[in-house]
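A.B. asks: Quick one, fold the following:
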Amino acid sequence: MDRKSIQSHRDLEVYKLAFQTAMRIFELSKTFPKEEVYSLTDQIRRSSRSVCANLAEAWRKRRYEGSFVLKLNDSEAEAAESQTWLEFAVECKYLDADTGRELYRTYNNILGKLVKMINDPSPWLMPAKKR
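C.D. replies: Presented below is the predicted three-dimensional model:
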């Protein structure tokens, strides 16, 4: 997608992928045991959604490189946390191994996109206003 066609965080490829993945985790986690509702189920839903929420915040903070990168770092951390919860879900047999691997690889893709933005934020920053 051309940079000029991106009008909001919802237009970012990484946001779309993270949102789609969070929704998939939500659907899959509906089958987790009831005793996990306030632990693993809640945690994996929160972290997967937080990837998106932090991307939205980052987008609104792109006037300032430091603030933008900080929120992208938060999004990166939440994606890594989601991978950890996926590992637990597979190990506890709440998710089959193939589904767990697929979702884990999707988060590797998300992480790669986030790290690319973190390492080179300049294309995403708002231009400084001329005085």
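A.B. asks: How much space separates E57 from N73?
C.D. replies: Distance, E57 to N73, by C-beta to C-beta, to the nearest Å: 11 Å. All C-beta spots, glycine's among them, are computed from the backbone N, C-alpha and C.
A.B. asks: who does the host helix or strand of I118 touch, helix- and strand-wise?
C.D. replies: In this structure, I118 sits in helix 97-119 according to DSSP states H and E. Using 3 or more C-beta pairs under 8 Å, 6 or more residues apart in numbering; DSSP states H and E as the contact definition, the elements that helix 97-119 packs against are helix 13-29, helix 65-91.
A.B. asks: For the residue nearest the centre of the chain, list the residues it contacts.
C.D. replies: Taking C-alpha atoms, centre = their mean, the centroid of the chain lies closest to V51, which sits 2.9 Å from it. Taking C-beta atoms under 8 Å, 6 or more residues apart in numbering as the contact definition, V51 lies against 18, 21-22, 75, 78-79, 82, 110.
A.B. asks: go on, V14?
C.D. replies: Residues touching V14, when contacts are defined by C-beta under 8 Å, 6+ apart, comprise 55, 110, 113-114, 117.
A.B. asks: Swap in 6 Å and give it another go.
C.D. replies: The neighbours of V14, taking C-beta atoms under 6 Å, 6 or more residues apart in numbering as the test, are 110, 113.
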